[in-house]
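[1] Using only what follows, build the 3D model:
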Amino acid sequence: MLFLAGVNLLEVQSKVFAEEGTWIAGPADEIGNAGLTASAVSDDLAVASWSVTRSLLNRRYDPTATLLLSGKVLVAGGGGTGGILSSTELYDPATGRWTETGSLVTGRDAHTATLLPSGKVLVAGGLSYLSGAELFDPTTGTWTATGDMLHGRQSHRATLLPSGKVLVAGGSGSRRGPLKNAELYDPATGRWTSTGQMGSARVGNSQTLLPSGKVLVAGGFKQGMNYLSSAELYDPATGRWTPTSSMSVARDSHSATVLPSGKVLVAGGYNYYGGLTSSELYDPSTETWTLTGSLDPAISVHAATLLLSGKVLAVQGSSAELYDPATGIWVPTASLNRARSSFSMTLLTSGEVLAAGGFDGGAVNDAELYNEGTDFWLTPDGGR
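    Residues are numbered from 1 along each chain as shown. Coordinates of the predicted model:
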């Protein structure tokens with residue numbers, strides 16, 4: 001029997017046809033006029049699903065996960081049963097196996113990892129307010145130290161710019177709390193240079209590269225746990241930060257995803273009132289925000305990734321939802337095999353999504369793959 005990942009399709013204005021244990025779905029007006037019968041439906045209809053893959057070699061939560069040019073995934077650091085980890089490992093989608101690779105020079109959690117144009121990976125900062133940075137070379141499987149940041153920081157954000165340099169901004173900096181400074185890493189020299197200051201110190205914000213090459217920073221909180229709705233833009237051409245319009249809602253620990261349209265979807269997070277279900281869209285052409293569909297409360301704080309279909313997958317615990325830019329609506333999709341938080345989530349070149357590790361009463365090492373499927377019905381002649 002086929003079900004569409006437990007989705008109540010009536011709630012998204014679709015009709016459901018059932019006969020002989022087969023379910024099909026589609027927009028109400030199209031199905032109603034198609035004259036479909038269950039005999040026209042194949043039981044091999046692809047639906048969204050999570051499938052178990054091989055487990056990580058180490059239990060870990062809050063690691064970084066980076067898709068390499070080879071298509072493999074590098075998972076590094078994070079927290080484990082024995083504290084902060086220096087171990088790293090590679091996932092090969094072709095075999096579904098994890099293999100150990102070189103250890104970090106310094107164990108890290110709350111750090112960033114950025115794929116450079118050379119194929120190397122830059123890891124920077126982390127607990128406790130580290131200024132050190134290092135590079136992973138996939139050809140040798142080794143880590144080497146590179147230049148230190150100008151400021152020690154953790155829970156910051158890092159963005160690869162079109163120039164090949166890496167922008168690091170904000171985060172928490174020791175007793176000073178949230179930071180407003182920003183710096184650039186130049187792979188050609190291995191050095192960091194200052195690049196202005198944000199209008200507000202912030203940590204827990206989002207940081208997103210726009211199609212224009214500018215970087216959008218939004219939300220987070222500043223000193224005294226003051227949650228922010230403000231947003232600002234970094235222009236690499238000038239090295240300056242300028243304010244842009246504020247979000248409708250102050251939010252921290254939200255997700256931010258660039259859609260194929262160039263708009264940015266910001267979703268969930270939390271503030272003084274607890275978990276947020278609201279989502280909003282930033283339009284770079286007008287520098288304005290508009291509210292869009294709401295999340296399920298169970299996944300207010302989540303991991304999110306853009307799928308090849310153009311939809312956005314958001315995951316937290318064992319729940320998952322899909323946002324469709326065409327409708328502006330979030331709908332449930334297949335549930336995970338295990339509830340997990342503080343896990344890594346990576347879009348693979350195949351279009352599948354790898355969720356690995358995380359926290360579920362303790363650090364876990366299992367992993368699973370999400371396949372969006374098609375969620376289409378068949379046409380009367382048996383075609384897709």
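
[2] Show me the shaky parts of the stretch 251-384 of the chain.
    Along the stretch 251-384 of the chain, the parts satisfying pLDDT under 70 run over 374-384.

[3] Okay, buried residues for stretch 130-146 please.
    Neighbour counts using 16 or more other Cβ atoms under 10 Å place 130, 131, 132, 133, 134, 135, 136, 138, 143, 146 of stretch 130-146 among the buried residues. Quick note: C-beta positions are derived from backbone N, CA and C, even for glycine.

[4] Which members of these are the farthest-apart pair?
    131 and 138 (24.8 Å; Cβ to Cβ).

[5] hang on, the earlier thing: how about JSON lines for the buried residues of stretch 130-146, with pLDDT added?
    Formatted as JSON lines, those follow (pLDDT from 0 to 100):
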{"residue": "130", "pLDDT": "97"}
{"residue": "131", "pLDDT": "98"}
{"residue": "132", "pLDDT": "98"}
{"residue": "133", "pLDDT": "98"}
{"residue": "134", "pLDDT": "98"}
{"residue": "135", "pLDDT": "98"}
{"residue": "136", "pLDDT": "98"}
{"residue": "138", "pLDDT": "98"}
{"residue": "143", "pLDDT": "98"}
{"residue": "146", "pLDDT": "98"}
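
[6] with those in mind, which one is nearest to residue 71?
    Closest to residue 71, out of all of these and judged by Cβ to Cβ, is residue 138, at 11.0 Å.

[7] Check the contact between that closest one and residue 71; I expect there is one.
    No. Using Cβ atoms under 8 Å, residue 138 is not in contact with residue 71, being 11.0 Å away.

[8] Residue 340 and residue 253, how far apart?
    Applying Cβ to Cβ, to the nearest Å, the value for residue 340 to residue 253 is 16 Å.

[9] These two - which one has more neighbours?
    Neighbour tally, residue 340 and residue 253, criterion other Cβ atoms under 10 Å: the higher count belongs to residue 340, 24 against 21.

[10] check contacts around the closest residue to that one other than its chain neighbours.
    Excluding the flanking residues, the one nearest residue 340 by Cβ to Cβ, 6 or more residues apart in numbering is residue 358, at 3.4 Å. Going by Cβ atoms under 8 Å, 6 or more residues apart in numbering, residue 358 touches 61, 340, 341, 342, 343, 344, 364.

[11] No more questions from me, cheers.
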